[in-house]
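**Q** this one's sequence-less:
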């Protein structure tokens, strides 16, 4: 051992020697182990080396160098972190150990060179061994000290071994954590691949939904065209029905005018018949008066003749008077016969006149009844025709408004469909562009090596993009459902309007006035109008419908018109009374003074 120490330390004061204890770095444990094996090899060759006494400056176990090294090792052990940074420190420690291994290899080469030099020096020392015997006692003492220091070094090596075991354990833990991180990175890559696949599936699903929406749009356009054609067909049928109704209305007006003419003719005829009846009654009364006069005259003549006959029968008259009376009686008999004939003729004429009067009376009564019935029927028919005309006008106006509203709703629906179609196409194009961008980004990023932070940021961005796409898909699905419901509602309204138009049996009274049409067209709703104009037009439409209903109410109930007219007259009369009887108050100065007080 003295030889070994001498070989290691040729001179006491040669502090610049690389194997001087103050120059040797005891921090790397591997370096100490290699030095320990080197010392054992040199002990094996110690048998032929003479014992010499040298003063070796080896630091004591309690020296400040070893204490400082132990303190540094404790600080290294204490400062090792337990988190993810431990792996980094372990990797750095491994790099440092590799670098120190290289330095140790270099130092081993140097020690080999030194050993060769030491062999040469041993040969020299064998020659100089004799003066070294005196130093053996001191070298033995130093040997004891060196053994003690060797024990201390062994204890230090054991401490270093324990520290090395701790570092190995921590290195294993760091390796495990690194493996966990690698597994996590693999899982994240798998998750990223899964998200990419899901994104591709979502893109395919979006393409499918886009195709489905396109098909639905095409179906909606086809249905819209069908409904448009059906509306045109219904409009044509409606116009034909309107033309037929106009013809029927014209025929009804003509029949009404002809009935009114007949009624006027019947009135004139009844007036003529009444005048003829009056004239015939006057003639009958005159004939009856003449008949009564003639009857009285004939009775007087008959009485005189009877008296004459009675006197002749009595024989009181003379013969000459008899002859005169015979002549007079012959004349009287002739007159009586003529009067009887006239009486019979008058009776026949009177009977015929009575029969004619009775027939005239019966005809007059029949004509009066017929004219009365015709007048009542014509009045009822006129009233029903007027009511029917008013009802048809109101229904026509309502149907026109409904038709206009349906046209506007169809126009609005068409505009909405075009807008949704264009928006869907633009969204589909945007989605395709985004998908291409994402594919390019994914290919570019897959080629380049990315760190864990970049992977996490990419994963976060992909999840956010996926959530946005899912929300957008949900919004598109809800918008599609709302459009389908709106289309069904409009189809239902259109079918109801068509059924209502087909159920109408009479539709007359189309307004041919262009000014009224223009005024109505101005106040109809237009899809190009603003919200304020639509509100104003709706208010105007409600006021117009209210005025139409009020007019129909006044037409159906004339008594209400009378009450309204009376109310307006009384109101104006009261206002005139108030205005005429109103006198302005005049106050003098005393009133002002009293008021101020």
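**A** Received the coordinates, thanks. Computed from a predicted model, the values in this text were never measured in an experiment.

**Q** remind me which residues of the stretch 201-350 of the chain are low pLDDT?
**A** Within the stretch 201-350 of the chain, the stretches with pLDDT under 70 are 238, 312-329, 332.

**Q** what do you get if the cut-off is 50, keeping everything else the same?
**A** Per-residue confidence for the stretch 201-350 of the chain (pLDDT under 50) gives these ranges: 317.

**Q** could you pull out the helices for it?
**A** Here the stretch 201-350 of the chain has its helices, by DSSP state H, counting those that start in this stretch, at 319-447.

**Q** Now residue 385. Nearest residue, chain neighbours left out?
**A** Distances taken as C-beta to C-beta, 6 or more residues apart in numbering place residue 252 nearest to residue 385, at 6.1 Å, with adjacent residues excluded. All C-beta atoms are positioned from the backbone trio N, CA, C, and that covers glycine.

**Q** number of nearby residues for the one you found?
**A** By other C-beta atoms under 10 Å, the residues close to residue 252 number 16.

**Q** same deal with the one 3 residues further on?
**A** The burial metric for residue 255, expressed as a neighbour count using other C-beta under 10 Å, is 12.

**Q** Tell me which residues touch it, please.
**A** Applying C-beta atoms under 8 Å, 6 or more residues apart in numbering, we find residue 255 in contact with no residue.

**Q** distance of it from residue 265?
**A** Here residue 255 is placed at a distance of 15 Å from residue 265 (C-beta to C-beta, to the nearest Å).

**Q** swap in residue 550?
**A** Look at residue 550 and residue 265: by C-beta to C-beta, they are 39 Å apart.

**Q** With residue 197 instead?
**A** Taken as C-beta to C-beta, the span from residue 197 to residue 265 is 98 Å.

**Q** I'd guessed the residue nearest to residue 385 sits against residue 382; true?
**A** No: under the criterion of C-beta atoms under 8 Å, residue 252 makes no contact with residue 382, lying 10.1 Å away.

**Q** Report the set of residues contacting both of these two.
**A** In contact with both residue 252 and residue 382: no residue, using C-beta under 8 Å, 6+ apart.

**Q** what residue ranges in this structure are flagged as low confidence?
**A** Within the chain, the segments meeting pLDDT under 50 span 1-29, 31, 46-62, 65-66, 76-77, 79-81, 83-84, 317, 504-521.

**Q** quick one, strands of it?
**A** Assigned by DSSP state E, the chain shows no strands.

**Q** Now do the contacts for residue 220.
**A** Shown in contact with residue 220 (C-beta under 8 Å, 6+ apart): 417, 487.

**Q** now with 10 Å?
**A** By C-beta atoms under 10 Å, 6 or more residues apart in numbering, residue 220 lies in contact with 213, 413, 414, 417, 420, 421, 483, 484, 487.

**Q** Would you list the buried entries among those?
**A** Among these, those classed as buried by 16 or more other C-beta atoms under 10 Å are 213, 413, 417, 420, 421, 483, 487.

**Q** State the distance from the fifth one to residue 479.
**A** Distance, residue 421 to residue 479, using C-beta to C-beta: 12 Å.

**Q** overlap in contacts of these two?
**A** Residues touching both residue 421 and residue 479 (C-beta under 10 Å, 6+ apart): residue 213.

**Q** Residue 223: neighbour count?
**A** So residue 223, with other C-beta under 10 Å, has 12 neighbours.

**Q** my guess is it meets residue 487, correct?
**A** Yes: assessed by C-beta atoms under 10 Å, residue 223 is found in contact with residue 487 at 7.8 Å.
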